[in-house]
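Visitor: kindly return the folded structure for what I paste below:
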Amino acid sequence: MLRNNKFSRIVLTLLVVVMLAAPFAASAGSRGTAWGLMIVWPHSSRAYTLNVNGFAVTVPSGALPNGGIIIERVTVKGNGEFSVEFYPDYRFSEDVIMDFRSAETVYYHSDSGLIAIPTYDLDNNGEVGEFFSEHFSRYSGWY
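Guide: You can find the predicted model right below:
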């Protein structure tokens, strides 16, 4: 069954890549890099959340109807500067919620430069840091 299922082959390939890459990233120096991986199953009726060192993405039911793998890489410096990258590149059917701790502004890294994105208190915890997104990319800022 696994040989004929394209989704299973993609998931297994990405798992192997992440398992091989993560030890090297973790030992890359004092920058504090961490990785996370999550599988969203096709046609799932529940939300999925991946949280790496307090930086999270929540994929609601229906946002990724065919399922897929989500990879998150977080790098934090001692001064609170962070970089968060999400893979692979997805365009979601519904917006996902991205949580960047208490960062008031997050910078989206586009081909034309950095684009400032204000954050809000979408989870009602009394702190800003969240915004809705329709796609994955690289973000940075300070918390």
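Visitor: from here on, contacts and neighbour counts on C-alpha atoms
Guide: Noted.
Visitor: next, the distance between the ends of stretch 44-52.
Guide: 22 Å (Cα to Cα, to the nearest Å).
Visitor: actually stretch 130-142, sorry about that
Guide: Note: stretch 130-142 ends 13 Å apart using Cα to Cα.
Visitor: buried ones in it?
Guide: 130-132, 135-136, 138-142 (16 or more other Cα atoms under 10 Å).
Visitor: before we move on, what about stretch 42-59?
Guide: Buried, per 16+ other Cα under 10 Å, within stretch 42-59: 44, 48-53, 55-59.
Visitor: can you put the buried residues of stretch 130-142 in a markdown table and add pLDDT?
Guide: Shown next, in a markdown table, are these (pLDDT from 0 to 100):
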| residue | pLDDT |
| --- | --- |
| 130 | 98 |
| 131 | 98 |
| 132 | 98 |
| 135 | 94 |
| 136 | 94 |
| 138 | 96 |
| 139 | 96 |
| 140 | 97 |
| 141 | 96 |
| 142 | 95 |
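Visitor: and the residues you listed, which two are furthest apart?
Guide: 135 and 142 (21.2 Å; Cα to Cα).
Visitor: can you map out the strands along the protein?
Guide: Taking DSSP state E to define them, one finds strands in the chain at 33-40, 48-52, 55-59, 68-76, 81-87, 91-100, 105-110, 113-118, 130-135, 138-142.
Visitor: what stretches of the protein score poorly on pLDDT?
Guide: For the chain, applying pLDDT under 70 flags the ranges 1-31.
Visitor: switch to 50 and redo it
Guide: Scanning the chain for pLDDT under 50 picks out the ranges 1-3, 23-30.
Visitor: isn't residue 41 right up against residue 68?
Guide: Yes. If you go by Cα atoms under 8 Å, residue 41 and residue 68 touch, sitting 6.6 Å apart.
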